[in-house]
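Asks: sequence below, structure please.
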Amino acid sequence: MINRITTRAKYIWRNTPLGRVKKVPDALKWGFIGTGYMSDTFSRAISGSKNNILYSIASRSIEKAQQFSRSHGNPVPYGSIEDMLADINIDIVYVATPVECHYEQVKKCLEAKKNVLCEKPLTMNASEAKELFRIAKENKCFLMEGMWTMCLPTMRIAKKWIQEGRIGHPQLVRADLNKRLLPEHVRKHHGVLYDYGIYGIAFVHLFMNRLDKVISVVSRKDTEGNITDISIQYATDDCKGILNLCSNFEASSKAEIIGSEGSIEWNSPFNRTNTIRLFDKNGVLSETYSTKYTEEGFEFELEEVARLVKSGTNESELITEYDTVHCLAMINTLSNE
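Replies: Presented below is the predicted three-dimensional model:
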């Protein structure tokens, strides 16, 4: 709560004449689709960046767009996606609407030859995601799923430690993510897998490289068939993965990778933490990595996207087409269990 208040105070300060961040001449101009929580959150990261500008906002009603504009530095408001996409000044579009809207909205952006960052999950299913990446390539556009956790320094450092052999060969990847959510929230987001659970899927995928062999699944669903809790065990020839997701209670949400020569542990909640710890094979702490976030961690995703778009690179190595499609295919499979 204190961090949210501090971040909001920074945002208000930066939108005063004295506190406004000085932007570079070629700052990336963003157009937003959607005026909800994630647009508000991501706009704060943009307000603190020299290399990015919130240029426009589109909503289904011009009134909502105008209201968002007034409280977010006065970007150009549009009452429809089509009107915003006709604006030649926009360098990239951020799609932050409900997941069931993503496919059609992202498709419109790509067909208008606009670069796109879309909130996770990219689509409702893997086939729709494949189609969007095909259109992006056809139109030479950048397209990335907004899996911002994968851009955090903690993830990069963990991969570096593993590549250096600091924990030997990874043998177990485990992640727990527990949140107390209202039943209506779970229904609105089509179950935990399409909501915060995708963080866990992406984490296990990142450090196991593939999730094609599911050993066991235990899940509970609500009366409409939405998954509220799920425990999954994966396996490759030499590594096991365990993922636990629950929407019924608040509890520790740590993650760890255990190798033949040591282990890495993420603080709770693992998808947001700025601290990881390296242990040797005897369980003795060897090293701690910790960094500061200025915009709750979203600044790292923002700068990754800006760097790639400015360089003309159409895919991030941190969140690839393969990663997005593979994780969505797993979610689709698990949802039908």
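Asks: residue 169 and residue 258 touch, don't they?
Replies: No: counting by CB atoms under 8 Å, residue 258 is not a contact partner of residue 169; they are 10.3 Å apart. Where C-beta positions appear, they are placed from N, C-alpha and C, glycine not excepted.
Asks: so between these two, which is more surrounded?
Replies: Neighbour totals were compared for residue 169 and residue 258, and residue 258 leads with 19 against 11 (other CB atoms under 10 Å).
Asks: got the CA coordinates for the helix or strand encompassing the more buried one in CSV?
Replies: Using DSSP states H and E, residue 258 sits within strand 255-259. Taking Å, rounded to 0.1, in the frame of the first residue of the first chain, the C-alpha atoms of strand 255-259 are listed here in CSV:
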residue,chain,number,x,y,z
ALA,A,255,9.5,-19.6,-6.5
GLU,A,256,12.7,-21.6,-6.6
ILE,A,257,15.0,-23.5,-8.8
ILE,A,258,16.9,-26.4,-7.3
GLY,A,259,20.0,-27.7,-9.1
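Asks: what's the average pLDDT for it?
Replies: On average, the pLDDT along strand 255-259 is 98.
Asks: cool, and stretch 71-91?
Replies: 97.
Asks: in it, what counts as buried?
Replies: 72-73, 75-79, 81, 84-85, 87, 90-91 (16 or more other CB atoms under 10 Å).
Asks: so which of those residues sit within strands?
Replies: Among the buried residues of stretch 71-91, DSSP state E puts 76-78 in strands.
Asks: quick one on the thing from earlier: so what strands line up beside the strand holding residue 258?
Replies: Under the criterion DSSP bridges, strand 255-259 sits next to strand 170-178 (antiparallel), strand 262-266 (antiparallel) in its sheet.
Asks: ok, the closest residue to residue 27 other than its chain neighbours - how many residues close by?
Replies: Using CB to CB, 6 or more residues apart in numbering and skipping residues adjacent in sequence, the residue nearest residue 27 is residue 53, 4.7 Å away. Counted with other CB under 10 Å, the neighbours of residue 53 add up to 20.
Asks: for this structure, just list every one of the strands.
Replies: 28-33, 52-58, 76-78, 92-95, 115-119, 143-146, 170-178, 214-221, 227-235, 240-246, 255-259, 262-266, 275-280, 285-290.
Asks: tabulate these (CSV), appending distance to residue 327.
Replies: Shown next, in CSV, are the strands of the chain (distance: least, CB to CB, whole Å):
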stretch, distance to residue 327
strand 28-33, 22
strand 52-58, 26
strand 76-78, 32
strand 92-95, 18
strand 115-119, 14
strand 143-146, 9
strand 170-178, 13
strand 214-221, 13
strand 227-235, 12
strand 240-246, 12
strand 255-259, 16
strand 262-266, 18
strand 275-280, 21
strand 285-290, 25
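Asks: to residue 191, which of those strands lies closest?
Replies: strand 227-235 (3.9 Å; CB to CB).
Asks: how far away from the center of its chain is stretch 116-127?
Replies: Its chain's C-alpha centre and that of stretch 116-127 lie 10 Å apart, by CA atoms, centre = their mean, to the nearest Å.
Asks: same question, stretch 153-161
Replies: With CA atoms, centre = their mean, you get 17 Å for stretch 153-161.
Asks: who's sitting farthest from the centroid in this structure?
Replies: In the chain, the residue that sits farthest from the middle, by CA atoms, centre = their mean, is residue 282; the gap is 34.1 Å.
Asks: show me the contacts for the closest residue to residue 227 other than its chain neighbours.
Replies: Excluding the flanking residues, the one nearest residue 227 by CB to CB, 6+ apart is residue 191, at 3.9 Å. Residues counted as contacts of residue 191 (CB atoms under 8 Å, 6 or more residues apart in numbering) are 197, 221-222, 226-228, 335.
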